[in-house]
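K.L.:
3D model of this:
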Amino acid sequence: MHELVEKAQRGDLEAFGRLVERFQDAVFGAAYALVGNFHDAQDLAQESFIRAWSRLDKLRDPDRFPGWLYRITRNCCLDFLRRRETGAVPLSQDNVPASDVPTAPETLEKAEMREAVLDAIRSLSEPNRLATTLFYIDGYTVEEVAQFLEVPPGTVKRRLHDSRQRLKERMVVMVGEELNARKPGPELEGKVREAIALQQEERFAEAVSAHLSAVKAGERQQVEAQALYDSFVELFDSYKSAQKLHDFAEGMLNLPLAPSDDESLWTREKLAYAGHMFVAAREPERAVELIPRMTDLGEELKGQPQYRWHLIETLCIQLEAAATQGDKGQVAKHRGDVLDALNAYEEEVRARHPDLSSARDTDDPEAQEWFRWLGHAYHSVAWGPFNRYRGDKAAALSLMRRASELRDADATELILAQLTLSVENDREKSLEHLHRAFGICASDAQREFFRTVFRTAKDFEPVREDPEFLAVVEG
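P.N.:
Numbers count the residues shown, from 1 in each chain. Got it, this is the predicted structure:
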């Protein structure tokens, strides 16, 4: 189980499907014990697994998955019961199939006995009802029931003893038969996976739509490719829709030029963005094909502030492609090249402007440009080579803070809000960076995209319902 949980936490939906198969009877049994209705219990079992998938990154110990899953199931059921009490959901009744309608005295007697069994289960206290339902629904052992309910095995044994004392011997046998006849079949796993895929399709479409709105509105200059790229990659990692990212990358390459754009600059940015997206779509060869065009365009920039940024962006794509191909030698080489290029960039800016420390220190547009592009370079290196392809979030946070020191950038502040939560669990700092991100952001379309990132990025999960964060995002 430990390995399956870890794989699922890395976005492996196949592994999660196996966990659904393993625990679906326990989740259904717990739901039935809590809401007392088989039809609602099936719906709540599906909802519980979907909720569990979205929160897997919060599970610290994979070995505690059963109890963690039970708590999610219990919360789903309690939410449902509260809605039912207020009339937000209709009361359900378990329908008897037409073939079960009694037509003879013996079938009538069977139906009456079944109802007596259900009444007997309902008459048990909630703790005893949970233990009994789980123990008899699929032959779970006392130890497995205890692990799921997060109670000692002795407690489960005592509850089962109490239930047997209350139920007649024949009734105990019929409890197991009735529960097993009503439990969901193997189709539940398919329904859960289908529902998860649909949710993720909707999230992806929402994010793409928001970004394209920003681009089409002529606000492309406010969009930092590396920052936005991560949001799409994160969605991709959730459900492995490589075709979606491939289509989006091709769409970026074919996006028409806005009237006010510098053709050469826009072409370079489109190539860089598409390169990252092709790598994310597991098409590193396609990304590498773009490198010669990027290199040729970069030659036009020599002596300009963005030249070294463009060089670093090209190296980052090469590094990401090598990482995707599993070429450790090339990964090490390109990472060294990236850091060397970044250090050279820092030295050049310092040599040109020794009395300045950031773009905020001067009104000189040329000096501001040098610091802005240096900040963009730190941003790209932090998020690509160190975060996504090395998994070193602490180093990524340090580099991203350097990017923030050099200039104001809404996307950098947004990612700092994410990293300070995931690396340092610093809610106040995260909120501060989120304030800056939305304060700097000057376009409605870009703000809408940031809202999409807040709603979808895993790092924001702990604060997604926090009133102070929501006030910033929705204000």
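
K.L.:
How about residues contacting the host helix or strand of residue 135?
P.N.:
Taking DSSP states H and E as the definition, residue 135 sits inside helix 126-137. For helix 126-137, the external contacting residues (Cβ atoms under 8 Å, 6 or more residues apart in numbering) are 25-26, 28-30, 32-34, 121-122, 124, 140, 142, 145, 148-149, 156, 159-160, 162-163, 166, 172, 175-176, 179-180, 183. Yep, even glycine has a C-beta here, placed from its N, CA and C like the rest.

K.L.:
Mind giving me the packing neighbours of whichever helix or strand comes after that helix?
P.N.:
Using DSSP H and E, the next helix or strand after helix 126-137 towards the C-terminus is helix 142-149. If contacts are counted by 3 or more Cβ pairs under 8 Å, 6 or more residues apart in numbering; DSSP states H and E, helix 142-149 sits against helix 13-35, helix 65-85, helix 126-137, helix 153-166.

K.L.:
In a markdown table, list the ones you listed along with distance to residue 249, mean pLDDT and mean neighbour count.
P.N.:
Converted to a markdown table, those look like this (distance: least, Cβ to Cβ, whole Å; pLDDT from 0 to 100; neighbours: other Cβ atoms under 10 Å):
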| stretch | distance to residue 249 | mean pLDDT | mean neighbour count |
| --- | --- | --- | --- |
| helix 13-35 | 23 | 88 | 22 |
| helix 65-85 | 36 | 90 | 18 |
| helix 126-137 | 48 | 87 | 23 |
| helix 153-166 | 54 | 88 | 16 |
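
K.L.:
closest one to residue 344 among these?
P.N.:
helix 13-35 (42.9 Å; Cβ to Cβ).

K.L.:
how far does the closest one sit from the chain's center?
P.N.:
21 Å (Cα atoms, centre = their mean, to the nearest Å).

K.L.:
What is it packed up against?
P.N.:
helix 2-9, helix 38-54, helix 65-85, helix 126-137, helix 142-149, helix 169-182, helix 187-216.

K.L.:
any weak-confidence spans in the stretch 301-450 of the chain?
P.N.:
Along the stretch 301-450 of the chain, segments meeting pLDDT under 70 span 385, 387-391, 445.

K.L.:
The helix holding residue 135 vs helix 169-182, what angle?
P.N.:
70 degrees (axes from the mean of the first three to the mean of the last three Cα atoms, to 10 degrees).

K.L.:
possible to save the helices and strands packed on helix 13-35 as a markdown table with distance to residue 401?
P.N.:
Putting the helices and strands packed on helix 13-35 into a markdown table (distance: least, Cβ to Cβ, whole Å) gives the following:
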| stretch | distance to residue 401 |
| --- | --- |
| helix 2-9 | 27 |
| helix 38-54 | 29 |
| helix 65-85 | 33 |
| helix 126-137 | 49 |
| helix 142-149 | 43 |
| helix 169-182 | 56 |
| helix 187-216 | 25 |
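
K.L.:
So which of the ones you listed is nearest residue 301?
P.N.:
helix 187-216 (22.1 Å).

K.L.:
Report the rounded mean pLDDT for the strand or helix carrying residue 119.
P.N.:
Element membership for residue 119 (DSSP H and E) is helix 105-123. With pLDDT averaged residue by residue, helix 105-123 scores 68.

K.L.:
now the helix holding residue 135, how far from the chain's geometric center?
P.N.:
Counting by Cα atoms, centre = their mean, helix 126-137 is centred 33 Å from the centre of its parent chain.

K.L.:
Next: stretch 125-140.
P.N.:
Here the centre of stretch 125-140 is set off from its chain's centre by 33 Å, with Cα atoms, centre = their mean.

K.L.:
Then stretch 20-36?
P.N.:
25 Å.

K.L.:
Which residues does the host helix or strand of residue 286 contact?
P.N.:
Following DSSP H and E, one finds residue 286 within helix 284-289. Around helix 284-289, the neighbours that count as contacts under Cβ under 8 Å, 6+ apart are 246, 249, 274-276, 278-279, 317-318, 320-322, 324-325.

K.L.:
what about it, distance to the chain center?
P.N.:
Centroid separation for helix 284-289 versus its chain: 26 Å, with Cα atoms, centre = their mean.

K.L.:
Tell me which helix or strand comes right after it.
P.N.:
Beyond helix 284-289 toward the C-terminal end (DSSP H and E), the next one is helix 291-299.

K.L.:
Would you mark the buried spots in that next one?
P.N.:
Buried positions in helix 291-299, judged by neighbour count with 16 or more other Cβ atoms under 10 Å: 291, 294, 297-298.

K.L.:
Throw the residues you listed into a markdown table and include pLDDT and distance to residue 442, thanks.
P.N.:
Listed next are those as a markdown table, based on pLDDT from 0 to 100; distance: Cβ to Cβ, whole Å:
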| residue | pLDDT | distance to residue 442 |
| --- | --- | --- |
| 291 | 91 | 33 |
| 294 | 88 | 28 |
| 297 | 82 | 27 |
| 298 | 81 | 28 |
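
K.L.:
For the helix or strand harbouring residue 331, which residues meet the burial criterion?
P.N.:
Assessed by DSSP H and E, residue 331 sits inside helix 328-352. Residues 331, 334-335, 337-338, 341-342, 345-346, 349 are the ones in helix 328-352 that count as buried (16+ other Cβ under 10 Å).

K.L.:
returning to what we had before: export the helices and strands packed on helix 142-149 as CSV, with columns for distance to residue 414.
P.N.:
Below are the helices and strands packed on helix 142-149 laid out as CSV (distance: least, Cβ to Cβ, whole Å):
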stretch, distance to residue 414
helix 13-35, 27
helix 65-85, 29
helix 126-137, 43
helix 153-166, 47
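
K.L.:
quick one: which of those is nearest residue 431?
P.N.:
By Cβ to Cβ (comparing all of the helices and strands packed on helix 142-149), the closest turns out to be helix 65-85, at 25.7 Å.

K.L.:
That closest one vs helix 126-137, what angle?
P.N.:
Counting by the same axes, to 10 degrees, helix 65-85 lies at 120 degrees to helix 126-137.

K.L.:
which strands and helices sit next to helix 65-85?
P.N.:
Helix 65-85 packs on helix 13-35, helix 38-54, helix 142-149, going by 3+ Cβ pairs under 8 Å, 6+ apart.

K.L.:
can you put those helices in JSON lines and add distance to residue 361?
P.N.:
Conversion of these to JSON lines gives the following (distance: least, Cβ to Cβ, whole Å):
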{"stretch": "helix 13-35", "distance to residue 361": "49"}
{"stretch": "helix 38-54", "distance to residue 361": "44"}
{"stretch": "helix 142-149", "distance to residue 361": "60"}
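
K.L.:
out of the ones you listed, nearest to residue 64?
P.N.:
helix 142-149 (8.8 Å).

K.L.:
can you list contacts of the closest one?
P.N.:
23, 26, 30, 66-67, 69-70, 130-131, 134-135, 140, 152-153, 155-157, 160.

K.L.:
Run a quick neighbour tally on residue 423.
P.N.:
For residue 423, the neighbour count with other Cβ atoms under 10 Å is 16.

K.L.:
Could you list the buried residues of stretch 277-296?
P.N.:
Those would be 277-281, 283-284, 286-288, 290-291, 294, for stretch 277-296 by 16+ other Cβ under 10 Å.
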